[in-house]
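[1] What shape does this take:
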Amino acid sequence: MQTIKVLFSLLLISVSCFSANNRPDLAVSSIPDSLKINSYAVVRFANTSFEYKSETNGIEKHSIAITVLEKKGKELADFRFPGDKFRELKSFSGTLYDAKGNFLRKFKLSDVGSTEYSSQLASDARHYYFDSETPSFPFTFLYEYEVSWKNGILIFPSFFPQNDYNLAVEKANYLLILPKTVEFIHKAMNIAAEPNKKINKEIISYEWKIEHLCALEPEDFEPDIITFAPLMLIRPNRFVYDNVAGSISDWESMGKWEYGLINNRDVLPDIFKSKIVELTANAKSDREKVKILYDYLGQTTRYVSIQLGIGGYQPMLASEVCKTGFGDCKALSNYMKAMLSVVGIPSKYAGIKFDKNDKFLFKEYANFNQMNHVILQVPLPGDTLWLECTNPRTPFGFIHNGIAGHDALVISEQGGEIHRLPDYPDSLNIEKNCARLVLNPNGSASVDMQKLCKVKIYDNFDWFPLAKSSEQADNLRKEINLPNVILGAIQVTDDKSPMPGLTIDYSWTTTMYGSKTGNRLFVPVNPFQSTYEWMKKKNRVHDMVISMGKKNIDSIFISIPEGFEIESMPASNAVNTSFGRFESIIQKKGNGIQIQQSVFMPAGKYDVSTYPGFVAFFEIISKAYRGVIIFRKKVNS
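    Alright, predicted model coming up:
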């Protein structure tokens with residue numbers, strides 16, 4: 001499924017032309033002081049209107065004035081518009097003003113750049129862009145532009161006036177103009193759901209307004225910005241898109257429309273059907289047949305993105321994928337579905353959002369904005385599989401991080417049905433470092449190291465086995481917080497089971513594991529973990545969210561350098577809180593010191609009122625990671 005073709009950006013904001021007499025005051029001095037706090041830029045006004053002409057045509061108009069206060073906010077004033085065969089930029093004007101609101105320069109449509117370049121194999125996208133280059137700050141840009149909608153209207157423009165951090169909004173409004181007969185559905189978040197409504201004969205206008213939005217500061221461990229910034233999604237109930245009609249009132253009806261796009265597109269050539277039967281002839285179970293065909297899919301096809309018209313939602317014919325060996329997520333999932341049907345195994349096409357944070361579908365608002373990917377559900381008796389058909393490196397039976405625990409819309413002839421994919425217990429997501437090092441009297445060291453990544457941590461490192469050795473070394477070196485690190489050979493073991501793991505064995509040396517001062521040698525307890533000094537200590541605004549639970553384990557053995565003895569080492573400690581558990585055990589063992597540190601943080605959401613305890617937990621961890629062991633030279637050595 002295509003990335004939803006909607007201008008989900010700052011510039012989704014009726015054009016009004018301003019003369020010298022009625023132009024609003026754009027001087028920086030007229031911005032309320034409260035809107036300057038934490039702001040890189042301020043939207044002075046942002047107006048959007050969308051006039052619905054028919055099921056296939058509409059006119060979208062915008063005017064937006066944005067004052068950039070400092071260099072960090074420059075990109076917030078750049079103009080970007082993602083056009084395609086459904087939306088075309090028809091007019092554009094841009095006006096630049098100085099800090100006092102004085103006119104400096106005018107720009108027109110010919111100043112706007114455009115490109116059809118895309119990372120996709122085939123796309124009808126045409127991207128328009130204009131950069132707000134100026135020699136000094138602050139400045140204000142006023143944009144006025146018009147977009148022609150054609151060939152179909154699946155959704156109306158969204159209203160998202162504050163879509164970024166450090167961006168304040170004086171006022172913004174959204175005007176929707178529709179014939180009386182057109183029904184629509186909308187989802188309003190952090191904004192009044194009911195608009196001002198005016199009726200003029202056969203036309204109804206709906207208007208939503210927002211004003212005085214103070215800038216949002218980014219915070220660590222915070223929820224997605226759409227959970228607290230004003231946002232409205234809106235679409236017609238009935239539509240025509242690229243000559244395909246539809247009527248969607250809920251997820252069930254949306255599934256029926258989607259089913260109409262995939263129905264009868266899973267036919268394969270007879271000669272290939274025979275090959276499928278041959279491939280699976282010796283399989284002892286349906287699960288084994290699925291794995292054989294899944295592996296075959298990965299070996300014989302490759303992913304490419306194809307977004308042409310209705311092709312952004314409709315898959316290629318399975319016979320075409322069979323012939324060419326390529327397809328996008330829609331095509332490859334449909335192809336796999338076709339292969340399974342040959343051996344009598346039913347499966348279902350499923351839409352989902354490929355995003356680690358945006359997991360759940362709005363139950364009461366069936367929409368196209370929330371899905372950008374397609375996978376395949378294989379409901380074996382007592383063993384439902386969810387197949388990622390676009391990435392052959394995804395182990396069979398494993399649900400990767402981009403979709404684990406997400407809602408999916410499973411498509412059938414009866415319609416769409418929401419299913420939640422399984423997720424993994426947080427305790428299974430493990431990143432473990434085991435180091436055994438020989439420490440020399442001058443502070444240099446040689447280290448044998450093993451890194452283990454399990455389940456969701458494995459998914460974060462799925463690129464590693466295929467990376468160049470230099471890229472592997474660079475990545476591992478960055479994880480060692482010491483200077484002058486030189487890596488030796490790297491050996492990778494890839495366990496591609498349904499609960500996958502990656503083991504990386506390597507060695508390294510450094511001339512500065514410890515620092516020597518007089519008769520003492522100072523050695524870090526744990527050079528593999530970063531501390532949390534960057535965490536803001538107070539004035540927290542939003543709840544804290546840990547999106548992926550995991551366990552970090554570090555096991556380090558340090559040999560005592562010849563001629564030295566232990567003078568001091570940090571005490572062991574353990575803490576158990578609602579935010580997680582931490583344990584640090586440091587003890588002499590044989591001819592060395594054994595360090596065992598582990599931290600477990602479960603996924604969860606925590607009320608902002610508990611933030612002092614949240615910070616305190618991470619301060620305990622940081623203190624332990626910063627710990628230092630001191631060796632002292634023996635007398636007479």
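[2] how about the CA coordinates for stretch 163-180, as CSV?
    C-alpha atoms of stretch 163-180 as CSV (Å, rounded to 0.1, in the frame of the first residue of the first chain):
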residue,chain,number,x,y,z
ASN,A,163,3.1,19.8,13.3
ASP,A,164,6.5,20.4,14.8
TYR,A,165,8.3,21.3,17.9
ASN,A,166,9.5,24.8,18.7
LEU,A,167,6.7,26.1,16.5
ALA,A,168,4.0,28.5,17.9
VAL,A,169,0.7,29.4,16.2
GLU,A,170,-1.1,32.7,16.5
LYS,A,171,-4.2,31.6,14.6
ALA,A,172,-5.2,29.0,12.0
ASN,A,173,-8.5,28.0,10.4
TYR,A,174,-9.8,25.3,8.1
LEU,A,175,-12.8,25.9,5.8
LEU,A,176,-14.6,23.0,4.1
ILE,A,177,-17.2,23.8,1.5
LEU,A,178,-19.5,20.9,0.4
PRO,A,179,-22.8,20.3,-1.4
LYS,A,180,-25.5,19.4,1.0
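[3] Would you map out the domains in the protein?
    28-235, 248-420, 426-633 (automatic domain parsing).
[4] so who does the most far-flung residue of the chain relative to its centre touch?
    The C-alpha centroid of the chain is most remote from residue 636, which lies 60.5 Å away (Cα atoms, centre = their mean). Contact analysis of residue 636 by Cβ atoms under 8 Å, 6 or more residues apart in numbering lists nothing. In this view, the C-beta of every residue, glycine as well, is placed from N, C-alpha and C.
[5] Could you pull out the strands in the stretch 401-550 of the chain for me?
    For the stretch 401-550 of the chain, the strands defined by DSSP state E, counting those that start in this stretch occupy 407-412, 415-420, 430-439, 445-454, 485-495, 501-510, 515-517, 520-524, 544-546, 550-559.
[6] Now do the second one against strand 407-412, angle only.
    Spelled out, that is strand 415-420. Our comparison of strand 415-420 with strand 407-412, counting by axes from the mean of the first three to the mean of the last three Cα atoms, to 10 degrees, yields an angle of 150 degrees.
[7] Strand partners (parallel or antiparallel) of strand 415-420?
    Here strand 415-420 has these sheet partners by DSSP bridges: strand 407-412 (antiparallel).
[8] what sits up against the strand it pairs with?
    Counting by Cβ under 8 Å, 6+ apart, 251, 254-255, 258-259, 262, 348-353, 359-361, 371, 375, 377, 386, 416-421 sit against strand 407-412.
[9] let's see it at 7 Å
    Here strand 407-412 makes contact (Cβ atoms under 7 Å, 6 or more residues apart in numbering) with 251, 254-255, 258-259, 262, 348-352, 359-361, 371, 375, 377, 416-421.
[10] taking these one by one, which sit in helices?
    251, 254, 255, 258, 259, 262 (DSSP state H).
[11] among the domains of the chain, which is nearest residue 242?
    domain 248-420 (3.9 Å; Cβ to Cβ).
[12] just how off-centre is the closest one within its chain?
    Chain-centre distance of domain 248-420: 21 Å, with Cα atoms, centre = their mean, to the nearest Å.
[13] Repeat that for stretch 601-614.
    Distance, centroid of stretch 601-614 to centroid of chain: 22 Å (Cα atoms, centre = their mean).
[14] do the same with stretch 419-431
    So, by Cα atoms, centre = their mean, the centroid of stretch 419-431 is 18 Å from its chain's centroid.
[15] just to revisit the earlier point, could you dump the domains of the chain into JSON lines and include mean pLDDT and mean neighbour count?
    Converted to JSON lines, the domains of the chain look like this (pLDDT from 0 to 100; neighbours: other Cβ atoms under 10 Å):
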{"stretch": "domain 28-235", "mean pLDDT": "91", "mean neighbour count": "17"}
{"stretch": "domain 248-420", "mean pLDDT": "93", "mean neighbour count": "19"}
{"stretch": "domain 426-633", "mean pLDDT": "96", "mean neighbour count": "17"}
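[16] Would you reformat these as CSV and include distance to residue 242?
    Shown next, in CSV, are the domains of the chain (distance: least, Cβ to Cβ, whole Å):
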stretch, distance to residue 242
domain 28-235, 5
domain 248-420, 4
domain 426-633, 35
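[17] ranges for the helices of this protein?
    Under DSSP H, the chain gives helices at 33-36, 251-262, 270-279, 286-300, 318-324, 329-342, 456-460, 469-478, 611-625.
[18] Figure out which of the ones you listed is closest to residue 432.
    Once those are compared by Cβ to Cβ, helix 456-460 is nearest, at 9.0 Å.
[19] residues making contact with that closest one?
    Counting by Cβ under 7 Å, 6+ apart, 400, 401, 424, 429, 430, 431, 500, 501, 502, 548, 550 sit against helix 456-460.
[20] Pretty sure the third one sits against residue 430.
    No: the pair formed by residue 424 and residue 430 falls short of the contact definition of Cβ atoms under 7 Å, at 10.8 Å.
[21] Tell me the one among the ones in helices among the contacts of strand 407-412 nearest to residue 184.
    residue 254 (14.9 Å).
[22] how far away is that closest one from residue 185?
    Per Cβ to Cβ, to the nearest Å, residue 254 is found 11 Å from residue 185.
[23] sorry, back to before: nearest to residue 203 among the strands of the stretch 401-550 of the chain would be which one?
    strand 415-420 (32.7 Å).
[24] Residues in contact with that closest one: which ones?
    251, 252, 253, 254, 255, 256, 258, 361, 407, 408, 409, 410.
[25] Without its sequence neighbours, what residue ends up closest to the residue nearest to the spatial centre of the chain?
    Nearest residue to the geometric centre of the chain (Cα atoms, centre = their mean): residue 355, 4.6 Å. Distances taken as Cβ to Cβ, 6 or more residues apart in numbering put residue 402 closest to residue 355, at 6.7 Å, once the chain neighbours are dropped.
[26] List phi and psi for that neighbour.
    Torsion angles at residue 402 (phi, psi; degrees, to the nearest 10) stand at phi -70, psi -20.
[27] who's in contact with it?
    Contacts of residue 402 (Cβ under 7 Å, 6+ apart): 354, 355, 356.
[28] Could I get the residues you listed in TSV, plus columns for distance to residue 71?
    Shown next, in TSV, are the contacts of residue 402 (distance: Cβ to Cβ, whole Å):
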residue	distance to residue 71
354	33
355	30
356	31
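[29] Which single one of those is nearest to residue 95?
    residue 355 (36.8 Å).
[30] circling back: spatially, which two of the contacts of strand 415-420 are the most separated?
    Most distant of the contacts of strand 415-420, by Cβ to Cβ, are 256 and 407, 18.2 Å apart.
[31] give the contact list for residue 568.
    residue 630.
[32] quick one: residue 254 from residue 261, how far?
    Residue 254 is 11 Å from residue 261, by Cβ to Cβ.
[33] With residue 561 instead?
    Distance from residue 561 to residue 261, by Cβ to Cβ: 69 Å.
[34] The closest residue to residue 58 other than its chain neighbours and residue 159: what is the separation?
    Computed as Cβ to Cβ, 6+ apart, the closest residue to residue 58 that is not its neighbour in sequence is residue 149, at 3.9 Å. Computed as Cβ to Cβ, the residue 149 to residue 159 distance reads 16 Å.
[35] what do you get for residue 363?
    On the measure of Cβ to Cβ, residue 363 and residue 159 end up 21 Å apart.
[36] same deal with residue 584?
    50 Å.
[37] What ranges does the stretch 151-300 of the chain have for its strands?
    Counting by DSSP E, counting those that start in this stretch, the strands of the stretch 151-300 of the chain are 167-179, 184-189, 196-200, 203-213, 231-236, 238-241, 244-247.
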